[in-house]
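Q: predicted structure and sequence below. I'll ask about it afterward.
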Amino acid sequence: MVTLAACSGGGEGDSGSPEAATDGGAGSSEGVGPEARTDDSAADAAGAVGLADAPEEAVHRELVTTGSATLAVEDPFEAAEQIADLVEGAGGRVEARDEQAATDDGPGSASMTLRIPADRVSATLDALDELGEVRDRHVETVDVTGTAQDLDARIAALRTSTDRLRELMADADRTADLIQIEAELSTRQAELDARVAERNRLSDEVAMSTLRVEIVAEGTPAAEARPAGFVGGLTAGWNSLVNTFNVVILVLGAMLPWLAVGGLVLLVVAGVRKQLAKSHPAGPTPPPAGPNPAPAD
């Protein structure tokens, strides 16, 4: 009889049940051999120990860089074209682009979301100075080395587990064992695919930095800086309360004429009903019915 405990390196003794394959990567760990229960914990420990024990200069740091900038130019649309060419020349791409045409209320503007190779972010921001006035610039870098190593360890453990499950499935000689192994393999493979997709997204964020650029026309007032933290939350809440109060007042003002007309109609209806009641008084009340006569003998 094939047992799934072997898919994690073989537990102590024969589990005698296909459910023994379940480890931390698939859900419950009941009935799982000691080695099977430590798949995910070993993966976590491997990532943590590898990062802690390696010399600082030997660790390959994985950094996610994001940034933003506001550019004031004479023609925002022409500047957007120039920025697109600049980014493509640097090996990046324009991920999103939004343009607002000029109106009576103000000049046109544009906004762009750029994906740039991580080692070209500084050069790209410096190149914006040649296109116009850079009013503000912000760059933030987040170290995701630990997250990347944890994902790598989990992916390696899941791949080992799925390989062992395939070996068990090839050796299975009972239909019940085969069905349960296939179900377990499907679960492990789905988790493996999800982890690989997550790792690929993280690698893309490391390799290609995200930069958002707001392009405004010259003479456009600079946006006021919003306070952050508790003061910023308090200010936002107060502004929301004031806006709500203004909306309520506006609605009441719009409804007031209708309420006045409705009240006048109700007064007229009440007066008409009162006059009708006076001109058509109610008839006399009939006397109450007497007792029924006793039947004759």
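A: Great, that's in hand.

Q: for Met208, which non-adjacent residue is closest in space?
A: Leaving aside its chain neighbours, Met208 sits nearest to Arg115 (4.4 Å; criterion: CB to CB, 6 or more residues apart in numbering). Using the backbone N, CA and C atoms, a C-beta is placed for each residue, glycine as well.

Q: roughly how far does the one you found sit from Thr65?
A: 11 Å (CB to CB, to the nearest Å).

Q: can you list residues touching both of those two?
A: 209-210 (CB atoms under 8 Å, 6 or more residues apart in numbering).

Q: just to revisit the earlier point, now do the helix or strand hosting the residue nearest to Met208: everything it contacts.
A: If you go by DSSP states H and E, Arg115 is part of strand 109-117. Applying CB under 8 Å, 6+ apart, the external contacts of strand 109-117 come out as 76-77, 79-80, 83-84, 87, 90-100, 124, 207-217, 220.

Q: now do stretch 80-90
A: Stretch 80-90 is contacted from outside by 93-94, 97, 99, 110, 112, 114-117, 120, 123-124, 127-128, 131, 213, 215, using CB under 8 Å, 6+ apart.

Q: buried stuff in it?
A: Within stretch 80-90, the residues that count as buried by 16 or more other CB atoms under 10 Å are 80, 82-84, 86-87, 90.

Q: flag the shaky bits of this structure, pLDDT-wise.
A: For the chain, the stretches with pLDDT under 70 are 1-59, 221-229, 231-232, 280-297.

Q: quick check: longest helix of it.
A: Using DSSP state H to assign secondary structure, the helix with the most residues in the chain is helix 229-279.

Q: check the offset of it from the chain's centre.
A: 39 Å (CA atoms, centre = their mean, to the nearest Å).

Q: buried ones among the contacts of stretch 80-90?
A: 110, 112, 114-116, 120, 124, 127-128, 131, 213, 215.

Q: can I get those residues in CSV with distance to Gly253?
A: Shown next, in CSV, are those (distance: CB to CB, whole Å):
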residue, distance to Gly253
Ala110, 38
Met112, 42
Leu114, 46
Arg115, 49
Ile116, 51
Arg120, 56
Thr124, 51
Ala127, 53
Leu128, 47
Leu131, 48
Val213, 42
Ile215, 40
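
Q: strands of the stretch 1-150 of the chain, start to end?
A: Along the stretch 1-150 of the chain, counting by DSSP state E, counting those that start in this stretch, strands occupy 63-73, 93-100, 109-117, 133-143.

Q: thank you kindly, that will do.
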